[in-house]
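> Sequence first, predicted coordinates after that:
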Amino acid sequence: MLAFMAPYAALAQDSYGIKGQVGKLNKPAKAYLLIKTGNTSQVDSVAIVNGKFEFKGTVASITEANIRVKHDDKPIDPLKQPKMDVKAFLIGNNEQITMMAKDSLQNAVITGSPLNEESARVDAFLKPIYDQFGELNKEFNEQTEAKKQDQVYLKTLDDRAVAIQKEIFDTKLSYVQKNPDQYMAVMAFNSAVGKEFDAVAMEKIFLGINEKLRNTYLGKEVPNELRSEETQDGVEAPEFTQPDVTGNGELSDYVGNMCWLILGSWCALADAKTQTW
């Protein structure tokens with residue numbers, strides 16, 4: 001834990017305060033706060049008295065968190081899916097958050113938090129785009145069995161799904177570029193990085209985000225997603241050394257020259273190519 005947290009030690013600590021109200025709940029009801037800190041998590045808990053609970057503390061940067069309210073002290077039945085009353089939100093930036101709910105925390109209204117207000121705003125303008133996937137599924141389910149097997153029709157669905165995905169990608173990157181000082185820019189960027197992307201162009205966009213935000217827990221994870229840049233077409237390959245019979249051993253020695261790359265039959269790549277040629 002200490003070794004993991006070392007990279008963040010130099011960051012200023014953000015304080016946070018959370019005051020919640022869930023109806024008129026009383027003991028044995030408890031509230032559990034889980035804060036995601038990079039690849040680890042920290043948990044705190046308090047009793048709920050007259051529907052109220054409160055948490056205070058610090059985090060090294062803005063990060064994700066959730067509060068779960070356990071309404072009773074019944075043991076969890078491992079054979080049944082437990083009913084969870086959970087509210088996810090963002091924490092940090094010295095915000096003092098208030099959560100108000102009549103009976104269930106998952107329906108709580110959050111106030112006093114520009115971070116979570118911005119998160120809700122982003123969710124709202126992305127929702128109509130994501131909803132298009134639901135419309136595609138609805139359309140498919142309404143077709144006859146024969147139509148569902150029609151490859152031409154299925155291809156049109158695939159094409160439309162790809163177009164929706166591109167719209168989501170473009171919308172997120174547009175938001176990132178227009179809102180470099182919002183933490184949601186980091187979240188939007190991170191969720192936009194997929195299996196296929198222009199790593200060089202994406203890195204330029206990422207570097208346009210506020211430096212403090214790039215140094216948050218999530219921001220520090222993004223460079224790992226961009227490492228494929230090192231082997232992307234048009235980008236200089238990383239140097240490595242492998243001596244040959246003439247003594248030349250560095251990849252850069254062969255720049256501008258033709259060379260053969262011999263794959264042994266034991267190589268998975270060679271084996272795969274052999275099967276498809």
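Happy to help now that I have it. Numbering: from 1, shown residues only.
> Break down the stretch 151-277 of the chain into its helices, ranges please.
Counting by DSSP state H, counting those that start in this stretch, the stretch 151-277 of the chain has these helices, from start to end: 151-178, 183-192, 199-207, 211-214, 217-225, 268-276.
> quick one, which of the ones you listed is nearest to Ile76?
Nearest to Ile76, of all those, is helix 217-225, at 29.0 Å by C-beta to C-beta. Quick note: C-beta positions are derived from backbone N, CA and C, even for glycine.
> Next, the angle from that closest one to helix 183-192.
30 degrees (axes from the mean of the first three to the mean of the last three C-alpha atoms, to 10 degrees).
> Please enumerate the strands of the stretch 51-200 of the chain.
Under the criterion DSSP state E, counting those that start in this stretch, the stretch 51-200 of the chain contains strands at 52-59, 63-70, 86-91, 96-101, 109-111.
> re earlier: what would the helices of the stretch 151-277 of the chain look like in a markdown table with distance to Glu139 and mean neighbour count?
As requested, those are exported to a markdown table (distance: least, C-beta to C-beta, whole Å; neighbours: other C-beta atoms under 10 Å):
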| stretch | distance to Glu139 | mean neighbour count |
| --- | --- | --- |
| helix 151-178 | 8 | 14 |
| helix 183-192 | 26 | 21 |
| helix 199-207 | 32 | 15 |
| helix 211-214 | 39 | 16 |
| helix 217-225 | 33 | 17 |
| helix 268-276 | 35 | 10 |
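> Make JSON lines from those and add distance to Glu142 and mean pLDDT to it.
JSON lines is the format used below for those (distance: least, C-beta to C-beta, whole Å; pLDDT from 0 to 100):
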{"stretch": "helix 151-178", "distance to Glu142": "12", "mean pLDDT": "95"}
{"stretch": "helix 183-192", "distance to Glu142": "30", "mean pLDDT": "95"}
{"stretch": "helix 199-207", "distance to Glu142": "38", "mean pLDDT": "91"}
{"stretch": "helix 211-214", "distance to Glu142": "44", "mean pLDDT": "95"}
{"stretch": "helix 217-225", "distance to Glu142": "38", "mean pLDDT": "86"}
{"stretch": "helix 268-276", "distance to Glu142": "39", "mean pLDDT": "36"}
